[in-house]
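*Asks:* quick one, fold the following:
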Amino acid sequence: MAFPRLAAVAFLILAVAPAGSGQTPTRVDESYQSATTAILVDVVVRDRQGRPVRDLTADDFEIYEDRVPQVIGSFSVVERSDGIGITVRRRSPGTTTVVDSSSGAGATSGDPLEVPPTMALLFDALSPEALALAQRAALAFLPMNTDSDSRIGVFTSEPGLRVLQAYTPDVGRVRQAVRELSPAGHGRKELETENRIAFHDRLRQLDALQMSPGSGEGGSVAGAAGQSLAQPIIERQFIEAQLRMMESFDTLDRDHRGFGAAAALLAVVQSLAYMPGRKSIVYFSEGLPASPALQNRLETVISAANRANVSVYTIDAAGLRAESTLVDTRREIEWTGDERLRQTISIGDPVSGPLNRLVERTEDLLRLDPQGGLARLAEETGGFLVRDTNDLGSAFRRIDEDNRFHYLLTYSPKNPDFDGRFRTIQVKVKRDGVQVFSRKGYLAVRSTTGPVMSYEAPALAVLDAGKPPNDFPIQVAGFAFPAPEAATVAPIVVQVRTDVLAYQVDRQRGTYSAQAAVVARIRNAQGQVISTLSQQYILAGDAKDVDQAKQGEILFYRQPALNPGVYSLEAIVYDAIAERASARFQTLTVPAWSPDRLTASSLVCVRRVEEVGKVEESAAALPFYYGNLLLYPNAGEPLRPETDRDLFFYIMFHPARGRGETTATAEILNNGRVLASAPVALPEEAGSDGRVQHVGKLPIADFPQGTYELRLVLRQAEQEQVRTAYFRVER
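*Replies:* Model prediction:
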């Protein structure tokens, strides 16, 4: 490992005693309080003709969670007149709506009977024809007067989420925002579909030619008009290459658009999360395929909507299609079957070749109906899907009826364990011939700062259980790097070896898989969660490579911006297959920067270095760039003198203005006792941004096994900053 301007610290070892084996405590003790949580459920009931059923009482309802009957805690009816009318409301006698807002499981604040409903109109990227249809329906629904008893916002997800009109009762402003929507181009999609149909038709012609008499064996093709054998083969290869390229691009494009749509939906759900009263989203789209890559995102949107008690109404803005979307799916499946047949003929073995890929592709195609995601999103949040019709106005009439008349039920779950699992909710009515619309469940996790990804929920539940697990080794570290006139960057690092995870090996398919979730949660000094960072890691491949997969490492890195203060970092790695986890807690102090005060970053033990060549100016200011080197921090991995002859450490600081030279002293401690001390030669000049970076080297070849503290003391005039880092030596 080579560093520019690197000077080794020459330590005089005064007395090195065997180091203790215990880690220096960094855990923050947390207290957890349990409270009764009431789950709030909006319920709409309609008869066979689709009309609202208005005469039900609490005795007519039954509610189940995970098929277990629950006791209804309160029952309310919300009934509003049309237009700017008087709100009429009633409750069953002797009941009170009490919702614990700390649970996040669909809680609201305030009396839901006393506040107007809130509606978000969210428009996806729509073709000109679809947008015109959606605009006409929305404008017909919105009254011409300039006031409403509802709050309505207008949003678009293309490009990215844009707020065209914040929530307002001013209908005139809402109508203007709807008129200003612009369409997205869809011509490329239609052209691509036409090209794919033409390519597959030509492949079938070549297949028929190959099977004709005199075509030869082994897959050779002879042209009837005297064309050479090579020409059809070359043409087939060209077409197949084109189709593979188009399939790959289509997958990437679909996933990109799907991720964008999911992000927009999540943002709108969050905007409604803390609003009281009835909340709904009307989502205009031409399709939301529930592809495998989007499953987690879609589940997260549904979970967030259910926790916030938001009903999503999805509208297929394409209207009455000339050709059903299922035709495209059926065509894709037929093409996949044709491809498998060609493979069987060409290699003569029906169980070899890329059969697994084709089977998985067929499974994927069954989810690719663009209306599939829209249907699931609506059904599982208590809304409905409008499809195959140009009369979108009828949908708005039903949505308006739902907002103006619905029932509110609450119950306290009989299962008090917030285990992160999805709990189903089923509402039944003791009356024949009715349809019940309500959310279908929620993730049992406590309060969070935003929507909960489905893979995060079990990890968060373990963190909230109050007993941090330690089922396998992990390393966690948080750092702080103050910057002038900006929020401090606080890099978070979590490391775990892949050999500690459980692997599922499918012998029939010849594949392996493992799943891990890393979640880092930051609390402020008051114990409030201010940020939750996470990533899901899915390890998959051929079964023969499973041993190689176990030799890897997961490195999780995030760098949130934090204001000065003291924070607690809670990090957990959750093995989804084995349902095991390990967690670490750490205190993170973020210093305030001032031009008149010496300000230093965290002291970082360096694990390894990567040469990155020329570094862009924007990247050079990031915490772990040092010249043309990228430093990887050591989050707690032990050092072994047989391979790690030296410990490298790194610090960045800003000298106080006009206070003279900055000096530094490094000390090695064990169990609080100073073993060695030496001066550190710092760079003489700061960079153009006013910061000073220093990398030092400490020989550890003669260190006995144990845990040590490296302390760096910076001094400038009368000011002093002390930074510490811990490292462990193993032999």
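
*Asks:* centroid residue for this protein?
*Replies:* Centre of the chain computed as the mean C-alpha position; nearest residue by C-alpha atoms, centre = their mean is residue 453, 5.5 Å away.

*Asks:* check that residue and give its pLDDT.
*Replies:* The model reports residue 453 with a pLDDT of 78.

*Asks:* that one falls within a helix, correct?
*Replies:* No: read with DSSP: H, G, I helix; E, B strand; the rest coil, residue 453 is coil and lies in no helix.

*Asks:* that one is in contact with residue 534, isn't it?
*Replies:* Yes: counting by C-beta atoms under 8 Å, residue 534 is a contact partner of residue 453 at 6.3 Å. (Each C-beta comes from the backbone N, C-alpha and C, glycine too.)

*Asks:* one step back: now the residue nearest to the centre of the chain, nearest residue through space, not along the chain?
*Replies:* residue 300 (4.7 Å; C-beta to C-beta, 6 or more residues apart in numbering).

*Asks:* is the one you found in a helix, a strand, or coil?
*Replies:* helix.

*Asks:* which phi and psi does residue 268 have?
*Replies:* Main-chain dihedrals, residue 268, degrees, to the nearest 10: phi -70, psi -40.

*Asks:* who are the contact partners of it?
*Replies:* By C-beta atoms under 8 Å, 6 or more residues apart in numbering, the contact list for residue 268 reads 120, 122, 153, 155, 161, 281.

*Asks:* pLDDT and distance to residue 440 added to these, as a markdown table?
*Replies:* Formatted as a markdown table, the contacts of residue 268 follow (pLDDT from 0 to 100; distance: C-beta to C-beta, whole Å):
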| residue | pLDDT | distance to residue 440 |
| --- | --- | --- |
| 120 | 94 | 20 |
| 122 | 94 | 21 |
| 153 | 93 | 25 |
| 155 | 94 | 24 |
| 161 | 85 | 25 |
| 281 | 94 | 16 |
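
*Asks:* so which of these are in strands?
*Replies:* 120, 122, 153, 155, 281 (DSSP state E).

*Asks:* which of those residues tops the neighbour count?
*Replies:* Tallying neighbours with other C-beta atoms under 10 Å puts residue 281 at the head of those, with 27 neighbours.

*Asks:* isn't it up against residue 313?
*Replies:* Yes: using C-beta under 8 Å, residue 281 is in contact with residue 313, at 6.9 Å.

*Asks:* what's near enough to touch the nearest residue to residue 418 once chain neighbours are set aside?
*Replies:* The shortest distance from residue 418 to any non-neighbouring residue, by C-beta to C-beta, 6+ apart, is to residue 444 (4.8 Å). By C-beta under 8 Å, 6+ apart, the contact set of residue 444 is 105, 413, 415, 417, 418, 419, 420, 421, 422, 423, 457, 461.

*Asks:* count of residues packed around the fifth one?
*Replies:* Here the count is done by other C-beta under 10 Å, and residue 418 has 22 residues near it.

*Asks:* let me know the helix or strand that it is in.
*Replies:* Under the criterion of DSSP states H and E, residue 418 resides outside all helices and strands.

*Asks:* returning to that earlier point: what subset of the contacts of residue 444 is buried?
*Replies:* 105, 413, 418, 420, 422, 423, 457, 461 (16 or more other C-beta atoms under 10 Å).

*Asks:* of the residues you listed, closest to residue 377?
*Replies:* residue 422 (15.5 Å; C-beta to C-beta).

*Asks:* tell me which residues form a beta bridge with that closest one?
*Replies:* For residue 422, the beta-bridge partners under DSSP bridges are residue 443.

*Asks:* where does the stretch 151-300 of the chain dip in pLDDT?
*Replies:* The model of the stretch 151-300 of the chain has pLDDT under 70 over residues 159, 185-196, 207-230, 236, 245-257, 289-293.

*Asks:* can you give me the helices in it?
*Replies:* Assigned by DSSP state H, counting those that start in this stretch, the helices in the stretch 151-300 of the chain fall at 171-179, 187-211, 230-273, 295-307.

*Asks:* so which elements touch the helix or strand following the last one?
*Replies:* Going back to what we said before, that points to helix 295-307. Next along the chain after helix 295-307, taking DSSP H and E as the criterion, comes strand 310-316. Judged by 3 or more C-beta pairs under 8 Å, 6 or more residues apart in numbering; DSSP states H and E, strand 310-316 is in contact with helix 230-273, strand 279-285, helix 295-307, helix 370-379, strand 385-386, helix 393-404.
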